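Enquirer: Sequence first, predicted coordinates after that:
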Amino acid sequence: MKFKKIAPFFLAAPLLLLTACTNTPSLSFTPNWYSNTNNIDGISDTFEQLTYAVTFTPGKDEDYRVEYDEGVYTTKLESANIAGAEGNPLGYIYETSLTISGRYYVNGAKGTDFTDSVHSKVWFLGVRDGLRPIKSEKTVLCSAPNVRAKEPEDAFVKYNYSYSLSYNAALSKATYTYTDLLDENAEPAVSEIKLSHNGTYLDNEEILFALRGVDVGTSFSFATYDMVTGKVRVAGNTDAAVKEQFTATFTLRTGETEQSVEARPIEANRFSFHFTGDNPGASQKLIYARCTNVEANTYRNVLLHMETEAISELGTFSYDLREAVFNNK
């Protein structure tokens with residue numbers, strides 16, 4: 001299962017091996033994905049859908065390079081009774097989908113076009129339960145770079161796999177299921193993993209959403225399980241967020257109201273996010289809308305822009321919000 005390490009998207013790009021036990025403080029979350037951020041218990045009838053344009057800036061290597069067409073990244077948040085949690089409580093289902101096409105070049109010669117995709121789904125509870133994850137699943141189809149290729153037809157290796165995690169109530173262990181989707185005869189590999197940690201634990205698939213509810217104006221950290229290294233790791237911000245006005249262009253729909261946000265300066269928080277330790281690797285650069293009115297949070301602390309590095313320093317992916325559909329909550 002080593003090939004899980006080469007998925008070229010931020011959604012599957014852990015960077016650091018830590019010790020088996022992590023210590024982080026418990027985080028306090030605010031439901032900034034609502035207009036009224038005091039709406040702690042009003043989970044029912046939640047719906048949100050976001051669409052991002054994904055663009056790619058190539059690196060400087062001319063002998064071996066990759067180019068991507070503009071891709072699409074979408075997220076969907078819905079409230080639901082969460083099966084698998086004691087009492088079948090109300091919580092959230094959060095789905096993401098990334099699709100992008102491209103091609104590799106070797107010594108100037110173009111290789112075969114490809115289309116990569118990543119789909120994820122995670123079930124978790126509300127802020128009173130620290131956004132505690134119940135289960136998650138993910139499917140990856142990727143064309144991983146083969147930087148030693150001499151011919152364009154050898155420029156990448158195709159991988160297709162899925163995995164899921166199902167947690168116990170104490171978040172002390174999880175059932176991990178992995179399936180190689182390229183092998184029609186492959187049986188799912190099931191194992192139990194221990195989650196040794198203190199403080200807040202988040203599933204990898206809910207992290208970008210959960211950061212909307214964190215006070216990023218101060219340092220923060222939490223634990224998460226890394227499928228690549230098979231360890232619980234600590235992640236957090238590099239420095240406290242910098243306040244700025246970020247110019248964004250997207251369509252905003254709230255309830256029955258639709259408006260075009262054209263090159264509008266939005267109060268925002270900019271910060272870098274990464275795994276902590278001696279070898280943190282590359283960080284993700286994130287810009288979230290900032291709440292300026294707790295009872296009228298127009299932009300819901302939404303992720304406005306993100307930058308993440310492609311594997312093998314081949315370039316940088318940028319994600320920019322193009323459409324936001326919010327509940328009138």
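Expert: Great, that's in hand. Residues are numbered from 1 along each chain as shown.

Enquirer: okay, CA-based contacts and neighbour counts for the rest of this
Expert: OK.

Enquirer: Walking through the stretch 101-250 of the chain, point out its helices one by one.
Expert: Remark: helices assigned in the stretch 101-250 of the chain by DSSP state H, counting those that start in this stretch are 207-210.

Enquirer: Output the lengthiest strand in the chain as CSV, restricted to C-alpha atoms.
Expert: The residue-count maximum for a strand in the chain (DSSP state E) belongs to strand 257-275. Output in CSV follows, covering the C-alpha atoms of strand 257-275 (Å, rounded to 0.1, in the frame of the first residue of the first chain):
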residue,chain,number,x,y,z
THR,A,257,-31.2,35.8,-2.8
GLU,A,258,-28.4,35.8,-5.4
GLN,A,259,-25.7,38.4,-5.9
SER,A,260,-22.5,38.7,-7.9
VAL,A,261,-19.4,39.5,-5.8
GLU,A,262,-17.2,41.2,-8.4
ALA,A,263,-13.6,41.9,-7.3
ARG,A,264,-14.9,42.8,-3.8
PRO,A,265,-12.5,43.3,-0.9
ILE,A,266,-13.5,40.9,1.9
GLU,A,267,-12.2,41.0,5.4
ALA,A,268,-10.1,37.9,5.7
ASN,A,269,-7.5,35.9,7.7
ARG,A,270,-4.4,34.6,6.0
PHE,A,271,-2.2,31.9,7.6
SER,A,272,-0.1,28.9,6.8
PHE,A,273,-1.0,25.4,7.9
HIS,A,274,1.2,22.4,8.2
PHE,A,275,2.2,19.4,10.3
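
Enquirer: Point out where the stretch 151-300 of the chain drops to low pLDDT.
Expert: 277-282 (pLDDT under 70).

Enquirer: Would you state the strands of it in chain order?
Expert: Using DSSP state E, counting those that start in this stretch, the strands of the stretch 151-300 of the chain run over 156-167, 173-180, 189-194, 197-198, 221-226, 231-237, 242-254, 257-275, 284-289.

Enquirer: packing partners for the fifth one?
Expert: If I follow you right, that is strand 221-226. Applying 3 or more CA pairs under 8 Å, 6 or more residues apart in numbering; DSSP states H and E, we find strand 221-226 packed against strand 231-237.

Enquirer: Any idea how far the strand it packs on is from the middle of the chain?
Expert: Centroid displacement of strand 231-237 relative to its chain, using CA atoms, centre = their mean, to the nearest Å, is 14 Å.

Enquirer: One more: stretch 148-162?
Expert: That offset, for stretch 148-162, works out to 24 Å (CA atoms, centre = their mean).

Enquirer: ok, now stretch 225-241?
Expert: 12 Å.

Enquirer: what's the angle from the longest strand of the chain to strand 221-226?
Expert: Orientation check (axes from the mean of the first three to the mean of the last three CA atoms, to 10 degrees): strand 257-275 against strand 221-226 gives 80 degrees.

Enquirer: ok, strand 257-275: who's next to it in the sheet?
Expert: strand 231-237 (antiparallel), strand 242-254 (antiparallel), strand 284-289 (antiparallel) (DSSP bridges).

Enquirer: hmm, back to that, show me the one of the strands of the stretch 151-300 of the chain that comes nearest residue 50.
Expert: Counting by CA to CA, residue 50 lies closest to strand 242-254 out of these; the figure is 9.6 Å.

Enquirer: Pull the residues that contact that closest one.
Expert: Under the contact criterion CA atoms under 8 Å, 6 or more residues apart in numbering, strand 242-254 has outside partners 217, 258-271, 304, 321-328.

Enquirer: Filter these down to the buried ones and hand me the ChimeraX line.
Expert: Here is the ChimeraX selection string for the buried members of those, based on 16 or more other CA atoms under 10 Å:
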select :261,266,267,268,269,270,271,304,321,322,323,324,325,326,327,328
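
Enquirer: got a markdown table for the strands of the stretch 151-300 of the chain, with distance to residue 204 too?
Expert: Below are the strands of the stretch 151-300 of the chain laid out as a markdown table (distance: least, CA to CA, whole Å):
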| stretch | distance to residue 204 |
| --- | --- |
| strand 156-167 | 10 |
| strand 173-180 | 13 |
| strand 189-194 | 15 |
| strand 197-198 | 15 |
| strand 221-226 | 6 |
| strand 231-237 | 10 |
| strand 242-254 | 24 |
| strand 257-275 | 12 |
| strand 284-289 | 14 |
